[in-house]
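>>> coords please:
(3 chains)
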Amino acid sequence: MPGYLQIVGRITAVTLVDTNLMVPVPFLVRRRFRETTDTVTLEMVPQQSQDRIDFSPGQFNMLYAFGIGEVPISISGDPARPETLMHTIRAVGAVSSALVRMKQGAMVGVRGAFGKGWPLHEACGKDVVLIGGGIGLAPLRPVIHHLLNNRKAFEGVTLLCGARTPRDIIFRRHLKRWQRRTDFQVEATVDAAGATWLGHVGVVTRLVAHLDSHPSNTIAMVCGPEVMMRFAVWELLQWGLAPDRIFLSLERNMKCGTGVCGHCQFGPVFVCTEGPVVSFECIEPWFHRREV
Amino acid sequence: MDETYTIRIDEFQKLIEGLHRRGYQCIGPVLRQGVVTYDELATSELLPLGIADRQSPGCYRLEKAPLPAVFGAHPGPVSWKTFLWPDFVPIFDALLTADGFEIRSAAVPFEKYAFIGVRPCDLHAIETLDLVFHKKPGSAIDYTGRRKTLLVVAINCTSAADTCFCEAMGTGPEALSGYDLCLTELPDPVDHRFLTTVGSAEGLNLVGELKTESVTLSDLQKVRGLLSDTVKKMAGKLDIADLKDLLYGLLDHPHWSEIAEHCLACGNCTMVCPTCFCTTVADTTDLAGRQAKRYRRWDSCFNLSFSYLHGGYVRSSIAARYRHFVIHKLATWVDQFGRPGCVGCGRCITWCPAGIDITAVVGTIRQMSGASGTKKEHGYVLDQ
Amino acid sequence: MSSINEILAGHRFFRGVDPIFLRILNECAAMVDFEAGEIIFRQGHDAKRFYGLDRGRVALELHTPGNGTVVIETLGPGDIFGSSWLFPPYNYEWDARAVQDTRAVAFNAECLRDICEADHDLGYDLMKRFAGIMRNRLQMARLQCLDIYRLSDGSRL
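Got it, this is the predicted structure:
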């Protein structure tokens, strides 16, 4: 009969598992840092120590606030120190506002670590350019920890970070420390500032043209509002960087975090399992499309 | 395997009893509230004898069948996903405690189902869902458990509704594999019988308890003829050659907006579609706020809130949501899972209150884009 | 210390300019140094000079009643500023202040205008470059105006 579909690789082996990935694990807030008026970093530890979460930079967890719901938040701590779990959260909705209000000792439900992280292996031996806008700096901080913990494996390391005003910059203490290093170039810029600000003023994408490294041996990791990423990608392409050397961290609505609820699709990409980090080459046909 | 026998209708009750003895809950077609739906089949008497259907865009009617078939009605509004990936599944309970809260994972029941009368399109649908979930067993524990014990009695289609297009999708009208038993009904007032092909050891076991006869050549020829006629009836409904790339190149086609003027975004299509798997989570608390429960619920990409992001919605227009449904089903699904998500069952056509026909939509788009080509520059497609 | 010619030849804005044109431009140019904190020009003053930055950082800013000084853009090596020399009535639109010790090549605006009028080829080349700068500045200003960091926090426009 014409046109019968060959069932390629019929699933005959069905694996039964014990762990239900939809059930959160309890964590306790150990410390709380206020980053800006609406952003807080929570440092948490698992209630049971064997529940600690090992993660790679760029991955996220689903954080559960009792009775309210869940929200996907990138992990913002040091991957070499997984005994504590850090998340930097901005209050934008019901769940995130509840998380931002949590005090020391509060309990948070955690599911994760989910997703595909930043391309650490590909970055070896190359110049690494990190571009972070606003809270987009949070998913990049684990990469920065990794790069600095393994400094010799990489060539030049540059961070371009942007925020609305100096008061909106997160990780200020870290930035000051990083700026003091001679093996890490940090350029901070804001959209507007007062005269006491000695850094750059202007959109973060403008700093791309001033980069020292050469595009042929550079890899870029970009994270921030989608509009900012769009312009940053444009600038990087103008600068001469190849599309498969530009990596973005995408965002979409997530309910399960594991690729079964269907909400996070960006074209064919399930942002929660094939992202959130994707190469620009992969997402290029969809990135500029409206309402996909 | 692949041995074929003839079984008479009287043996059906024994088949169901045999399944019950093995601990299976039998699910099959039953007549309820004016539709042929799938529900518990306690006895063979519940099968809808002599019922046929007439389906067309936005229309479903039952009528008396010319011959006393029990599988005379084509896919109705309910598909097998209702049992394998049900709506409203408890995930956990949480109770406020002194330290914070305690989470109790909800027990996951693994019903042992025997599906009676699985059409080839629906069989492909189940296997399509397998492809969606098999790499994520930790998020689909209940699906995996039910799937492991599932017994399938398939039924070949010797007729097609006007909305069927399994022929175009390569999913029917004959089941080729993936079943424990496969029946082809030969309804006859005097000699109502089924050609029964065995597909597994369990199937062979079941058939061993029934009275069987060998298959006659004339029956085989009759069945081949019926299947061939069914194929012919559905010919040309949809051309799936290069469909994925065609659709990828036509994301900005104005026809999506034209359709959107009719689409109500009611989501019926996603509810009746046997491969739609999207779900959401619902968090509830008691009035005192001391106990919280979380459920998994079916969701639909036609819901505005489905794509909520940053205080707004990524797909706020109906055109975008309709486009997403079609593009996912026929194009991105291929990149995600290796085959289209559509199995040609025609349910979405029948149950759309606006009578939107996915085969007509794609056909129109294909036709309208025929003259104009698509150019690629930097990976961006410039649409005409 | 590099000569003006060397600086211009390596400067991003002047990259690819015909060496003969560069020599002509040289006639209008002088090297200038500013100390950190020094005011270079003020809003409303005659736009007598146009600058190509070689070293340091310059802030373009505005004084506002109530909010004090607001910096709207900083410029670094390879940038140009003081482009009001192109447009009558030739007045600076912003304040410019050296944030760090800064060295720049300063062009006499009147001299430049005369040269461009006399040699339209040179004038056209310069205009094309300025058009590019204006476009980038416009794009940047629009992004700043969009307030992209606020857009993603759920607040409505």
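>>> what about the helices in chain B?
Applying DSSP state H to chain B gives helices spanning B:11-21, B:81-84, B:120-133, B:141-149, B:166-169, B:201-208, B:217-233, B:243-248, B:255-260, B:268-272, B:318-327, B:333-337, B:347-350, B:358-368.
>>> elements contacting the fifth one?
Other helices and strands packing on helix B:166-169, by 3 or more CB pairs under 8 Å, 6 or more residues apart in numbering or on different chains; DSSP states H and E, are helix B:120-133. Backbone N, C-alpha and C define where each C-beta goes, glycine included.
>>> restricting to C-alpha, output the helix it packs on in PDB.
Presented in PDB, the C-alpha positions along helix B:120-133 are these (Å, rounded to 0.1, in the frame of the first residue of the first chain):
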ATOM      1  CA  PRO B 120      -4.500   2.400  13.000                       C
ATOM      2  CA  CYS B 121      -4.400   6.200  13.200                       C
ATOM      3  CA  ASP B 122      -4.900   6.100  16.900                       C
ATOM      4  CA  LEU B 123      -2.300   3.400  17.200                       C
ATOM      5  CA  HIS B 124       0.200   5.700  15.500                       C
ATOM      6  CA  ALA B 125      -1.000   8.400  17.900                       C
ATOM      7  CA  ILE B 126       0.000   6.300  20.900                       C
ATOM      8  CA  GLU B 127       3.300   5.600  19.300                       C
ATOM      9  CA  THR B 128       3.700   9.300  18.700                       C
ATOM     10  CA  LEU B 129       3.100  10.000  22.300                       C
ATOM     11  CA  ASP B 130       5.700   7.300  23.100                       C
ATOM     12  CA  LEU B 131       8.200   9.300  21.200                       C
ATOM     13  CA  VAL B 132       7.300  12.400  23.200                       C
ATOM     14  CA  PHE B 133       7.600  10.800  26.600                       C
END
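>>> angle of it against helix B:141-149?
Per axes from the mean of the first three to the mean of the last three CA atoms, to 10 degrees, the angle that helix B:120-133 makes with helix B:141-149 is 130 degrees.
>>> give me the pLDDT for the residue of chain B at minimum distance from chain A.
Evaluated by CB to the nearest CB, chain B has residue B:100 as its residue closest to chain A, separated by 2.5 Å. With respect to pLDDT, residue B:100 has a value of 94.
>>> over to residue B:370?
The model reports residue B:370 with a pLDDT of 71.
>>> ok, residue A:269 next?
97.
>>> and it, bridged to which residues?
With DSSP bridges applied, residue A:269 shows beta-bridge pairing to residue A:266.
>>> wait, it sits on residue A:285?
No. Between residue A:269 and residue A:285 there is no contact under CB atoms under 8 Å: 10.6 Å.
>>> circling back: number of nearby residues for the residue of chain B closest to chain A?
Other residues near residue B:100 come to 19 when the count uses other CB atoms under 10 Å in any protein chain shown.
>>> check contacts around the residue nearest to it when sequence neighbours are not counted.
Distances taken as CB to CB, 6 or more residues apart in numbering or on different chains place residue A:107 nearest to residue B:100, at 2.5 Å, with adjacent residues excluded. Neighbouring residues of residue A:107 by CB atoms under 8 Å, 6 or more residues apart in numbering or on different chains: A:26, A:27, A:28, A:29, A:47, A:66, B:99, B:100, B:101.
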